[in-house]
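# let me see the structure of the following:
(2 chains)
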Amino acid sequence: MNLIVSAIGQGLLWALLGLGLYLTFRILNLADMTVEGTFPLGAAVAVTAITHGFSPLVATLLAFGAGMLAGLVTGLLYTKGKIPFLLAGILTMTATYSVNLRIMGKSNISLLGQKTLFSGSFMTSLPQYFDSVVLGMIVIVIITLLLIFFLDTDYGQSFIATGDNPVMAKSLGIHTDATINVGLMISNGLVGLCGALVAQSNGYADVNMGIGTIVIALASIIIGEVAFGELTLSQRLVAVILGSIIYRLILLAVLQLGFSANDLNLISSIVLALCMMLPQLDKLFHIRKPFFKGVQTND
Amino acid sequence: MTEPMLELKNVKTIVNPGTANETTILKGINLTINDGDFITIVGTNGAGKSTLFNVIGGNLKADAGQIFHAGADITKTTEEQRTTFLARVFQDPKLGTAPRMTVAENMLLASKRGEKRHLMPRRLKQRMSEFTKLAAQMNNGLENRMTTPTGALSGGQRQALSFLMATLKRPDILLLDEHTAALDPHTARNLLHATNQRITEDHLTALMITHHMEDALKYGNRLIVLKDGQIKADYNAAEKAKLTVDDLYAYFEM
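Take a look at the predicted model:
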């Protein structure tokens, strides 16, 4: 039971990563590698700020801002520097690794004995593992409502149009460079925020904690789509969150089978690959179960 | 209005300047477009028709010459800036609409063409009846598909929607780049008919590229022949009325 609660809590915290990547991967139609650098950047900024005496809340917000900056760098490399998008993301991701080491001063910082968002009296009064669930719920509900509001504004609609048809968007006077940059900033801001929360939940930040994050984010998105089929945009955001939780439960099940935590990246990749191949596998073997209402390919 | 709606003065575009492959596409275009002109443009492939539209639309910069809109020099303005007064319909139905957004959402986007978009609720519901009425004018069932993603529409419906979107917010200049070329003959005729009706009734200023000489003669009140990056002929309404298809073909055989 404890393990399941813990998995749900982790799923909620990591859902921010999925939501962030959803904005770029599904809405802007861009595969943003920056997140592999932004996630540990958020962790590094938050943990370093906390160990320097900042309040956990301020430290977490700083992580959000740092993520936005990284997103902006990728955006500018792409929109103004005309570097192919995938490469722009890889450049920022690689550069961020050094930045993270600079920020932290070493490759690993512990939060032992420090105040975090999880160390308030209310949080510590909760049963074990419920702190992640509660904090994850609060953050996810706020962020999801804000995103739903944003996407339904005139600006949000122009952001969606930019990803859907940039030629049309420009012909309607939408400054697509700006909407792409804003989208990347929000997306990477959320990823930085996710890094900050996960670091505080784990009790440390590590420069290598970003490895595999893009696969985890994609897994949340794809699992959500495979499991819930055709949805409205707002429902899709919720599907990503549920996808993130399902992904954690799958990992839990796999670990119970005797795999070690060192196998996680291999397992993540296999889970994602299987989900993405599902339409093809279904054609070959007709494996689709009744609860798979259909995979939205979105292209 | 005393100033012409749009004026091109000796506009040139050069591809690969300074290299062995340097080619001049537009070789000094002088064109004055007056309010209410509905100009059909004919010309062979490579004559510079699309380049002319791109220069007017702003997604291609003129390498020489000037462009004026209602007297104001717009030569250096961007594509996005020009959308405040200019609308386009592309040849490819896929280019004119956002496939994952619904018909109504696309129309809402187009209703704010060239405007700054704020962080304010879009208020789509309030405009639904207005949009549905407009869609019904296209006579192809578009009004019944307001909440359908445009990717699921037929090519004809998509292109009709593109045209509707271009005229939803009245443009000073409407550019139609062979907008019926990708459609079957019947659908193309319907859309051309609707296009003509909308332009003449609303007294829009429009430029329409077409490869059909009959259409070039039938529609509009002015006709331009482009050849080798230059305007070979510019017929006003009276002259155009006397033109025949054979007269036009003669330009292509020279």
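# just the strands from chain A, written as ranges.
Assigned by DSSP state E, the strands in chain A fall at A:108-110, A:204-206.
# for the stretch 101-250 of chain B, same thing?
Ranges of strands in the stretch 101-250 of chain B, per DSSP state E, counting those that start in this stretch, are B:173-177, B:206-209, B:222-227, B:230-236.
# for chain A, which of the ones you listed is the nearest?
strand B:173-177 (9.5 Å; Cβ to the nearest Cβ). Yep, even glycine has a C-beta here, placed from its N, CA and C like the rest.
# right, is the closest one up against chain A?
No - using Cβ under 8 Å from any Cβ of the partner chain, strand B:173-177 stays clear of chain A, coming no nearer than 9.5 Å.
# what strands line up against that strand, and which way round?
Partner strands for strand B:173-177, per DSSP bridges, with pairing direction: strand B:86-89 (parallel), strand B:206-209 (parallel).
# average pLDDT for that strand?
Strand B:173-177 comes out with an average pLDDT of 97.
# just to revisit the earlier point, and the strands of chain A, which is most packed in?
Per residue and on average, the most neighbours among the strands of chain A fall to strand A:204-206, with a mean of 21 (mean count of other Cβ atoms under 10 Å in any protein chain shown).
# how about the residues of chain A by chain B?
A:149-150, A:152-158, A:160-161, A:164-165, A:167-175, A:298.
# once you drop chain neighbours, what's closest to the residue nearest the centre of chain B?
In chain B, the centroid-proximal residue (Cα atoms, centre = their mean) is residue B:175; its distance is 1.6 Å. Leaving aside its sequence neighbours, residue B:175 sits nearest to residue B:88 (Cβ to Cβ, 6 or more residues apart in numbering or on different chains; 4.5 Å).
# what number of residues are in the vicinity of that neighbour?
Counted with other Cβ atoms under 10 Å in any protein chain shown, residues neighbouring residue B:88 total 29.
# tell me how far it lies from residue B:33.
Look at residue B:88 and residue B:33: by Cβ to Cβ, to the nearest Å, they are 15 Å apart.
# same question for residue B:85.
Using Cβ to Cβ, we find residue B:85 at a distance of 12 Å from residue B:33.
# thinking again about what came up before, and the residues of chain A next to chain B, which of them are buried?
Buried members of the residues of chain A next to chain B, counted by 16 or more other Cβ atoms under 10 Å in any protein chain shown: A:150, A:152-158, A:160-161, A:164-165, A:168-175.
# contact residues of chain B facing chain A?
B:57, B:59, B:79-81, B:83-84, B:87-88, B:90, B:94-101, B:105, B:108-110, B:112-115, B:117-122, B:165.
# mind giving me the packing neighbours of the helix or strand bottoming out on mean pLDDT in chain B?
Lowest by mean pLDDT, DSSP states H and E among the helices and strands of chain B is helix B:245-253, with a mean of 88. Packing partners of helix B:245-253 (3 or more Cβ pairs under 8 Å, 6 or more residues apart in numbering or on different chains; DSSP states H and E): helix B:213-218, strand B:222-227.
# overlap in contacts of residue B:85 and residue B:33?
Residues touching both residue B:85 and residue B:33 by Cβ atoms under 8 Å, 6 or more residues apart in numbering or on different chains: residue B:173.
# that older thread, looking at the buried ones among the residues of chain A next to chain B, which are in helices?
Using DSSP state H, the members of these that fall within helices are A:150, A:154-158, A:160-161, A:164, A:168-171.
# could you tell me the end-to-end distance of stretch B:225-241?
Stretch B:225-241 has its terminal residues 15 Å apart, counting by Cα to Cα, to the nearest Å.
# now do the buried residues in the longest helix that chain B contains.
Ranked by residue count under DSSP H, the longest helix found in chain B is helix B:185-201. Neighbour-count burial for helix B:185-201, counted by 16+ other Cβ under 10 Å, picks out B:187-188, B:190-192, B:194-196, B:198-199.
# let's have those residues in a markdown table, adding pLDDT.
Converted to a markdown table, these look like this (pLDDT from 0 to 100):
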| residue | pLDDT |
| --- | --- |
| B:187 | 93 |
| B:188 | 94 |
| B:190 | 93 |
| B:191 | 95 |
| B:192 | 95 |
| B:194 | 93 |
| B:195 | 95 |
| B:196 | 96 |
| B:198 | 94 |
| B:199 | 96 |
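# taking the residues you listed together, which two end up most distant?
Largest separation among the buried residues of helix B:185-201 by Cβ to Cβ: B:187 and B:199, giving 18.4 Å.
# residue A:220 contacts residue A:16, correct?
No - judged on Cβ atoms under 8 Å, residue A:220 makes no contact with residue A:16 at a distance of 9.8 Å.
# so which of those two has more stuff around it?
Each of residue A:220 and residue A:16 has its neighbours counted (other Cβ under 10 Å); residue A:16 has more, 32 against 29.
# would you confirm that the more buried one contacts residue A:138?
No - under the criterion of Cβ under 8 Å, residue A:16 makes no contact with residue A:138, lying 11.9 Å away.
# among the strands of chain A, which is nearest residue B:63?
strand A:204-206 (53.4 Å).
# name the helices or strands packed onto that closest one?
If contacts are counted by 3+ Cβ pairs under 8 Å, 6+ apart, strand A:204-206 sits against helix A:35-51, strand A:108-110.
# same thing but 10 Å
helix A:35-51, helix A:85-104, strand A:108-110, helix A:176-202 (3 or more Cβ pairs under 10 Å, 6 or more residues apart in numbering or on different chains; DSSP states H and E).
# quick one, helices of chain B?
With DSSP H as the criterion, chain B has helices spanning B:49-57, B:79-82, B:93-96, B:103-111, B:128-136, B:155-168, B:185-201, B:213-218, B:237-242, B:245-253.
# got any ranges where the chain has weak pLDDT?
You didn't say which chain, so I picked chain A. Applying pLDDT under 70 to chain A picks out residues A:287-299.
# that's the wrong chain, I meant chain B
Those would be B:1-2, B:254, if you go by pLDDT under 70 across chain B.
# again, only this time at 50
Along chain B, no part satisfies pLDDT under 50.
# about what we covered before: so which of the strands paired with strand B:173-177 is the most packed in?
Ranked by mean neighbours (mean count of other Cβ under 10 Å), the strands paired with strand B:173-177 are led by strand B:86-89, with a mean of 28.
# and residue A:171, what does it touch?
A:165, B:57-59, B:79-80, B:82-83, B:86-90, B:95-96, B:110, B:113-114, B:162, B:165-166, B:175 (Cβ atoms under 10 Å, 6 or more residues apart in numbering or on different chains).
# go on, residue A:121?
Under the criterion of Cβ under 10 Å, 6+ apart, residue A:121 has no contact partners.
# in the stretch 151-254 of chain B, what residue comes closest to chain A?
Of all residues in the stretch 151-254 of chain B, residue B:165 sits closest to chain A, with a separation of 7.8 Å (Cβ to the nearest Cβ).
# how far away is that residue from residue B:65?
Residue B:165 is 30 Å from residue B:65, where distance means Cβ to Cβ.
# more crowded one of the two?
Neighbour count, other Cβ under 10 Å: between residue B:165 and residue B:65, residue B:165 has more, with 26 against 17.
# please name the nearest non-neighbouring residue to residue B:215.
Nearest residue to residue B:215 in three dimensions, chain neighbours excluded: residue B:192, at 6.3 Å (Cβ to Cβ, 6+ apart).
# I misspoke; the intended subject was residue B:178.
residue B:91 (4.4 Å).
# again with residue B:64
Setting aside the residues directly before and after it, residue B:64 is nearest to residue B:12 in space (Cβ to Cβ, 6+ apart), at 4.1 Å.
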